[in-house]
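Participant: I would like the atomic coordinates for the input below:
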Amino acid sequence: MVAQADRLQAPTLVMTFDPPPQAILVPADVCIPLTPIPRRADLLSELGVDMVVAYPTDGQLLSLSARDFFQQIIVNTFHASGMVEGPNFRFGRDRSGGVDLLDELCRHQAISFSVVEAAADATGMISSTRIRGLLADGDIAAANAMLTQSYQLSGIVSPGAQRGRELGFPTANLTDIAAFIPAHGVYAGCVTIAGRRFQAAINIGPNPTFDEAQAKVEVHILGWSGTLYGQSLCCTLTKRIREVRRFASVGDLRAQIEKDVAEVANGH
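Facilitator: Model prediction:
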């Protein structure tokens, strides 16, 4: 798209839907996003995209026929001079339009149109469905191999039970996370605070040793001391170290956390 925009001397724009159409059409089947819209915009900006439009989605928009959607949104609203889509793109009421119709409509409006094949590996097309499945299994390394950047979770640092502090490993308790949360486990990763990068051990899940069943996302930041309450914190996940499990004693849990932190510090 960037190359095509250079040829046409036009800005680049990516259109996404907010909320996703599925949230209106089949709310029970809505998937939690891998990348919330602000994160998506950051990633696309780094790839050379000038603008990201999170188009407000409602029943009226979804009721437009494919031809009406093209005329009202692509032509009248965005005044597109070029379009780039994947081969499985569908648009319009009941997903009635595909790339063949889009090609015809673009030619009629003298809009440059390209279909770009999706990235693939030996298993097949790289898709959000595959990545979400890997994250659900805790295979963060395989998921990261399919992403342009390692997977991130962002949230607001909120007061927790202070268990980590009592154990000698204070944690930032993340809430209001808008992205898909991977399988329970202890992960190695990193965070950036005030422009400085710190290694981090991230615990996703409950704390069965203390009979706590509520799943949480807790981040122990190596080499950091300070208060982060109320601040937004973004952590990058690079490797799953182990599963969450119950320990026979608090001492056993503390010893395991020491091993986890050492493994993170050693970069494994």
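Participant: what's the spacing between residue 233 and residue 128?
Facilitator: Distance of residue 233 to residue 128, given as CB to CB, to the nearest Å: 24 Å. Glycine gets a C-beta too; all of them are placed from N, C-alpha and C.
Participant: For the spatially most central residue of the chain, list the residues it contacts.
Facilitator: The residue lying closest to the centre of the chain (CA atoms, centre = their mean) is residue 35, at 2.3 Å. Neighbouring residues of residue 35 by CB atoms under 8 Å, 6 or more residues apart in numbering: 43, 179.
Participant: Go ahead and report the secondary structure state at it.
Facilitator: What DSSP: H, G, I helix; E, B strand; the rest coil gives for residue 35 is coil.
Participant: cool, and residue 153?
Facilitator: Taking three-state DSSP, the label given to residue 153 is strand.
Participant: Report how many residues lie close to it.
Facilitator: Neighbour count of residue 153, defined by other CB atoms under 10 Å: 23.
Participant: Just the buried residues of stretch 114-132, please?
Facilitator: Residues of stretch 114-132 classed as buried: 130, 131, 132 (neighbour count, 16 or more other CB atoms under 10 Å).
Participant: tell me which element the first one falls in.
Facilitator: Put plainly, it is residue 130. Secondary structure from DSSP states H and E places residue 130 in helix 128-136.
Participant: dump the residue contacts of residue 118.
Facilitator: By CB under 8 Å, 6+ apart, the residues touching residue 118 are 86, 87, 88, 125, 126, 127.
Participant: Tell me the secondary structure of the third one, please.
Facilitator: Meaning residue 88. coil.
Participant: Next one: it from residue 121, what distance?
Facilitator: The gap separating residue 88 from residue 121 is 17 Å, by CB to CB.
Participant: Spatially, what comes nearest to residue 146 if we skip its sequence neighbours?
Facilitator: Of all residues not flanking residue 146 in the chain, residue 126 sits nearest, at 4.7 Å (CB to CB, 6 or more residues apart in numbering).
Participant: let me fix that: residue 213
Facilitator: Closest to residue 213 by CB to CB, 6+ apart is residue 206, at 5.1 Å.
Participant: next one: residue 235
Facilitator: Distances taken as CB to CB, 6+ apart place residue 191 nearest to residue 235, at 4.8 Å, with adjacent residues excluded.
Participant: Now the one you found: which helix or strand?
Facilitator: strand 185-193.
Participant: Output the contacting helices and strands for that strand.
Facilitator: For strand 185-193, the packing partners by 3 or more CB pairs under 8 Å, 6 or more residues apart in numbering; DSSP states H and E come out as strand 196-207, strand 212-221, strand 232-242, helix 250-265.
Participant: Output the ones you listed as TSV; include the columns mean neighbour count.
Facilitator: TSV is the format used below for those (neighbours: other CB atoms under 10 Å):
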stretch	mean neighbour count
strand 196-207	20
strand 212-221	17
strand 232-242	18
helix 250-265	15
